[in-house]
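# Structural data only, the sequence is not supplied:
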């Protein structure tokens, strides 16, 4: 029997077409433009506020007119509600008027040229009384963020890189930590968490006279993270920049991996590029650097007044259809690793049988959806999460989280603020957690993350496990990493303990099926952008039927662990990062304190490895390939020199490798793709790969197949 929430949805959609088009299914109707909370709540006498509607209707259908509904407090759905549906007003949807928008922002208008500075392009407006200062701003009527005034200017070479502004051209570079370690192997002194020595010659903009110095924030980059700190003081006499509190990571610990990069934000003197803004706490003036086509007379910026737009706590049997959530705020960003779990546009706690259909979350400063402990039977289908400060869909704790489905949805342009190992989708949970047929792109780190939790024992993690905890199937993951952070994967599994194999029983197993995904265009800043990555001895992972191409690092990387398998995949044009990164990664000493006494081994069978460029290493870091099984693979490069010079695991030649009993049925032949240049990796009927039992790749099956609403497009930044 399907969950009650699904039955409710089916009941709503089964109502005769005429009733839906006339709004007769609505228990209550809300119109922000024409309603009054003293009305009866009918289509002809609607309520004004969503808050009032939810206080009146505990069971039934609340319909929102296709208007902007500005809320003044987080919407609450709780135990008093049941069999409740919140839906866009069907006649408006049918008429193509778009979906209703629930906005958590207050408008600011009345912009005018800067007084006494007639040649300045800056526009200013006084924030209305009662409007709280926000660290993120948006523009009425257009998607995307305004950039908080920053130093230095964005200078990225491509639109996607420039949109973030974190490449070497768009960042400052610190010169040295405040104090050097006592030796190469010694830890960094605690003082190195308090600031750094900046390069005065290359960053003369940094002075002790910057306006509101103590309100400036510093974003500094490490390896797989970047953290925010509040600026305290600048000392030009010795070129030191000090934070107001210790950072999470010492400056200098990852100097090479992070590139010594940093930027300053919320800097009045940095207000020098179109689409930048600055909010002066002293005067309460909001200043905007205008962009082409902007009209001061009609410009309205939006200041989020709350982080959570909707909270479902102790709720059951709730369905939300055809609603947009926009303009949630950003919480505390300083010295935070992940976005705080409660800081999301939609938060679910201790709730069950919840369904989101054609719901979008966009232009918000923190997470999109956050699922807290003891949340079960949640479906997110045909939805989108775009232009967010944190992850699009986030499960931060696994306790009691079961039966979660995210399908046919688009997650795009996430983690604009919080960069502690972020992803488009982050999954934890106890059972039946799945992401299928989603399109995920433009994350500064991973596309989809799975695990980061205590795993199961070996009995639950055998190869081919019938009921994996996690299913990541038929997703299209692209444009991740973006050259910003290091050490991640398009689909990235990890345990929470690199000594999990020492537990009794072991807790390394994260039974996961990674099947049918297309993963492409992954780039790192310094190292470690893989297609599929199992880290920290993650075990019991099946990687099958995926197509992985144009990746800076390994197509698949089994960083130790056991019971893992890569079968029937295409790995094409991987290892393109320019550091001989290789196509396949295996167990090595990196991050493993008990090397080499830890789990090893995986199967690598029926895969196609297609090498472009001059890469000659099949493996990464010359790792230990004990307890592995290779066979029925196809290896090929259109460059004969590359093909003849391939180095196989344990530094073996092709003949020496086969003599070990591996790849005895494998071949070095052209797999005959339909169009490798055009990235169509379907096989021609004459392909020798088919005779090895390698199935036909099906790239068309990957990604979201949902139909967008009229006028809705989701574009790359």
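Yep, that arrived. Fair warning: this is a prediction, and the values are worked out from it, not measured in the lab.
# beta partners for the nearest residue in space to residue 251 that is not next to it in sequence?
Among residues not flanking residue 251 along the chain, residue 196 sits closest, at 4.4 Å (Cβ to Cβ, 6 or more residues apart in numbering). Just so you know, the C-beta spots here come from the backbone N, C-alpha and C atoms, and that holds for glycine as well. Beta bridges link residue 196 to residue 177, residue 241, judged by DSSP bridges.
# what's the spacing between residue 196 and residue 333?
Distance, residue 196 to residue 333, using Cβ to Cβ, to the nearest Å: 19 Å.
# Could you point out the longest strand of the chain?
Criterion DSSP state E: the longest strand present in the chain is strand 352-364.
# Name every strand pairing with that one and say which way it goes.
Applying DSSP bridges, one finds strand 352-364 paired with strand 316-326 (parallel), strand 376-381 (parallel), strand 384-388 (parallel).
# So which of those strands is the most surrounded?
Among the strands paired with strand 352-364, ranked by average contacts under mean count of other Cβ atoms under 10 Å, first place goes to strand 384-388 (a mean of 28).
# After that one, heading C-terminal, what element do we hit next?
Proceeding N to C from strand 384-388, the next assigned helix or strand is strand 393-395, under DSSP states H and E.
# immediately after that following strand, which helix or strand?
Assigned by DSSP H and E, the successor of strand 393-395 is strand 402-407.
# Pairing partners for that following strand, with directions?
Neighbouring strands of strand 402-407 in its sheet, by DSSP bridges, are strand 376-381 (parallel), strand 431-436 (parallel).
# so how far is the first one off the chain centroid?
Looking back up the chat, that one is strand 376-381. From the chain centre to the centre of strand 376-381 is a distance of 19 Å (Cα atoms, centre = their mean, to the nearest Å).
# Give me the contact list for that strand.
Applying Cβ atoms under 8 Å, 6 or more residues apart in numbering, the external contacts of strand 376-381 come out as 3, 5-6, 348, 351-357, 359, 369, 371, 393, 400-409, 706.
# just the buried members of those?
3, 5-6, 348, 351-357, 359, 369, 371, 393, 401-409, 706 (16 or more other Cβ atoms under 10 Å).
# hmm, back to that, after the longest strand of the chain comes which helix or strand?
Note on strand 352-364: by DSSP H and E, the next helix or strand toward the C-terminus is strand 367-371.
# so what does that next one touch, helix or strand wise?
The contact analysis (3 or more Cβ pairs under 8 Å, 6 or more residues apart in numbering; DSSP states H and E) places strand 367-371 against strand 344-349, strand 352-364, strand 384-388, strand 393-395.
# mind redoing it with 7 Å?
Helices and strands touching strand 367-371, by 3 or more Cβ pairs under 7 Å, 6 or more residues apart in numbering; DSSP states H and E, are strand 344-349, strand 384-388, strand 393-395.
# For the spatially closest residue to residue 372 that is not a sequence neighbour, give me its contacts.
In this structure, residue 372 finds its nearest non-sequential neighbour in residue 349, 4.3 Å apart by Cβ to Cβ, 6+ apart. Contacts of residue 349 were listed using Cβ atoms under 7 Å, 6 or more residues apart in numbering, and they are 313, 372, 375.
# Same list (those) but as CSV, adding distance to residue 384 and pLDDT.
Formatted as CSV, the contacts of residue 349 follow (distance: Cβ to Cβ, whole Å; pLDDT from 0 to 100):
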residue, distance to residue 384, pLDDT
313, 24, 98
372, 22, 97
375, 20, 98
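# How about the secondary structure of residue 689?
helix (DSSP: H, G, I helix; E, B strand; the rest coil).
# residues near it, how many?
Residues near residue 689, counting by other Cβ atoms under 10 Å, number 27.
# From residue 546, how far out is it?
On the measure of Cβ to Cβ, residue 689 and residue 546 end up 15 Å apart.
# again, but for residue 380
Here residue 380 is placed at a distance of 23 Å from residue 546 (Cβ to Cβ).
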